[in-house]
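1. Take this sequence and fold it.
(one chain, ligands or ions: 2)
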Amino acid sequence: MAHCVFIDGAAGTTGIEIAERLEGREEFDIVRLNEAERKDRDCRRTALNFADFVILCLPDDAARDAVSMIEANSKTRIIDASSAHRTGSGWIYGFPELVGTKAVESARKVSNPGCYPTGFLALVAPLVRAGLLPRSWPYSVHAVSGYSGGGKALIERFGEERDIAFRSYGLSLDHKHLPEMQSKAGLDHAPVFSPAVVPAMRGMIVEVPVPVAAMRNAASPAVLREELSRYYADAPLVRVHRDNPDELLLREGAEATDRLDLFVFGGPDEKAARLVAMLDNLGKGASGAAVQSLNLMAGCDPLAGLRI
Ligand SMILES: NC(=O)C1=CN([C@@H]2O[C@H](COP(=O)(O)OP(=O)(O)OC[C@H]3O[C@@H](n4cnc5c(N)ncnc54)[C@H](OP(=O)(O)O)[C@@H]3O)[C@@H](O)[C@H]2O)C=CC1
Ligand SMILES: CC(=O)N[C@@H](CCC(=O)OP(=O)(O)O)C(=O)O
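-> Ligands and ions are numbered 1, 2, ... in the order given. Okay, here's the model as predicted:
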């Protein structure tokens, strides 16, 4: 029998992309609310408690409210795309490559990782765990994202202000992704995070500079690359590149992808490295990750509906 799935926030950027990935899949029946119902709490409450799986594609407060509407003894299992529960207890962090597929398969409540943390953690967490990068280093993260990362509001803004070439933000140094980056990588300090948006619909580049020669207990770039290759050898969505390109490009009209590409660039003297992740903020950074977790929770082909 098909599993019943309710996407709360189905009219938003992430929700639409999840529905596209589930289109035509026989394993799932999608519960749909019409325009008049989709923000009605009673209609949502009914759907939230009726569905086998609920995927929350809502702002944080609305996601918390949705969770509060699910009855304690309900059979409903939850995937929350918002940042409301990422470091919350009782929630499994929906990054199977880092937490293990089994943890996601059996979870009742999964919190989808943030888009920037997906890139940061994919690079740093396995290396810190392996003792090849120190926990105590004050890391920094530089990242650029396509404007769909900011949902409908930012898509609309970039549609109107066509002269924005680069938007640096997070300038108060309290970006909501910091707790997740620190805790899931097991770091002593939150990184200094410099996010920016460029006039491309989707895609992102997340970079962590590591001055290995100046760090205690840090391995060479070649060893870091080797460890990432080993760690992700059986991860079908993640590719660790051995042959580094001369440049990395985000393209305005980039196709959707659920892949995560990782690079370790090292200088000729191997004294420093640039760890770089490229991904689609709406792919492995949001909707693709939600479908990946749903596949595991529902016992389906782990790659069904994903674009790799
Ligand atoms: N965009 C991205 O790349 C990523 C997004 N996320 C997270 O996913 C979540 C959704 O983001 P995104 O899709 O980009 O945002 P959007 O703003 O594009 O979509 C949010 C949707 O939620 C609806 N909504 C808001 N409040 C309620 C409510 N109380 N009840 C029902 N529906 C409601 C909105 O309705 P309306 O259409 O009327 O405004 C909208 O359709 C957010 O928490 C975001 O941070 C996570 C990773 C990446
Ligand atoms: C470009 C842009 O605005 N990006 C969003 C993050 C998108 C994301 O990962 O969202 P959540 O963590 O909220 O789920 C931001 O910086 O707030």
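2. Relative to the whole chain's centre, how far out is the lengthiest helix in the chain?
-> As assigned by DSSP state H, the longest helix anywhere in the chain is helix 115-129. The chain centroid and the centroid of helix 115-129 are separated by 11 Å under C-alpha atoms, centre = their mean, to the nearest Å.
3. Show me which residues of the stretch 151-300 of the chain sit near ligand 2.
-> 154, 177, 195, 197 (C-beta under 6 Å from any ligand atom). C-beta here means a position set from N, CA and C on the backbone, and glycine is covered the same way.
4. wait, doesn't the first one sit right on residue 201?
-> No. In this structure, residue 154 is not within contact of residue 201 by C-beta atoms under 8 Å, at 10.5 Å.
5. Need phi/psi at residue 279.
-> Phi and psi for residue 279, reported as degrees, to the nearest 10, are phi -160, psi 170.
6. ok, what's across the strand from it?
-> Going by DSSP bridges, residue 279 is paired in beta bridges with residue 204, residue 260.
7. residues near the closest residue to residue 223 other than its chain neighbours, how many?
-> Distances taken as C-beta to C-beta, 6 or more residues apart in numbering place residue 132 nearest to residue 223, at 6.3 Å, with adjacent residues excluded. When counting by other C-beta atoms under 10 Å, one arrives at 18 neighbours for residue 132.
8. Residue 132 belongs to a helix?
-> No. Counting by DSSP: H, G, I helix; E, B strand; the rest coil, residue 132 falls outside a helix, being coil.
9. could you measure it against ligand 2, distance?
-> 27 Å (C-beta to the nearest ligand atom, to the nearest Å).
10. now residue 143
-> 9 Å.
11. If we ignore the residues flanking it in sequence, what's nearest that residue?
-> The shortest distance from residue 143 to any non-neighbouring residue, by C-beta to C-beta, 6+ apart, is to residue 206 (4.3 Å).
12. Stretch 114-131 - what's its average pLDDT?
-> Stretch 114-131 comes out with an average pLDDT of 98.
13. residue boundaries of the helices in the stretch 151-300 of the chain?
-> For the stretch 151-300 of the chain, the helices defined by DSSP state H, counting those that start in this stretch cover 151-160, 178-185, 221-231, 288-298.
14. Help me see whether the first one makes contact with ligand 1, please.
-> This means helix 151-160. Yes. Counting by C-beta under 6 Å from any ligand atom, ligand 1 is contacted by helix 151-160 at 151, 152.
15. 642 is where my numbering starts, stick with that
-> Yep, numbering from 642; the last one is helix 792-801 now.
16. So what touches that helix?
-> Residues from elsewhere that reach helix 792-801 (C-beta atoms under 8 Å, 6 or more residues apart in numbering): 653, 654, 655, 788, 789, 791, 805, 838, 840, 842.
17. how does it look with 10 Å?
-> Helix 792-801 is contacted from outside by 650, 652-655, 657, 698, 700, 786-791, 805, 808, 838-842, 927, using C-beta atoms under 10 Å, 6 or more residues apart in numbering.
18. for the shortest one, same thing?
-> By C-beta under 10 Å, 6+ apart, the surrounding residues in contact with helix 819-826 are 724, 727-728, 734, 736, 739-740, 752, 754-755, 757-762, 764-770, 774, 776, 780, 782, 811, 816, 828-834, 849.
19. Check the residues you listed for burial and list the buried ones.
-> 724, 727, 734, 736, 739-740, 752, 754-755, 757-762, 764-769, 774, 776, 780, 782, 811, 816, 828, 831-832, 834, 849 (16 or more other C-beta atoms under 10 Å).
20. Give me the neighbour count for residue 848.
-> For residue 848, using other C-beta under 10 Å, the count is 21.
21. Can you verify my assumption that it contacts residue 917?
-> Yes. Counting by C-beta atoms under 10 Å, residue 848 does reach residue 917; the two are 4.9 Å apart.
22. Next, show the common contact partners of those two.
-> 760, 764, 783, 784, 889, 904, 906.
23. pretty sure the fourth one is in a strand, no?
-> Yes. Counting by three-state DSSP, one finds residue 784 located in a strand.
24. Quick one: residues contacting it.
-> 756-757, 760-761, 790, 811, 818, 834-838, 845-849, 917-918, 922 are the contacts of residue 784 under C-beta under 10 Å, 6+ apart.
25. among the helices of the stretch 792-941 of the chain, which is nearest residue 686?
-> Residue 686 lies closest to helix 929-939 among those, at 21.3 Å (C-beta to C-beta).
26. pLDDT value on the residue nearest to residue 703 when sequence neighbours are not counted, please?
-> Among residues not flanking residue 703 along the chain, residue 650 sits closest, at 7.3 Å (C-beta to C-beta, 6+ apart). You'll see residue 650 listed with a pLDDT of 98.
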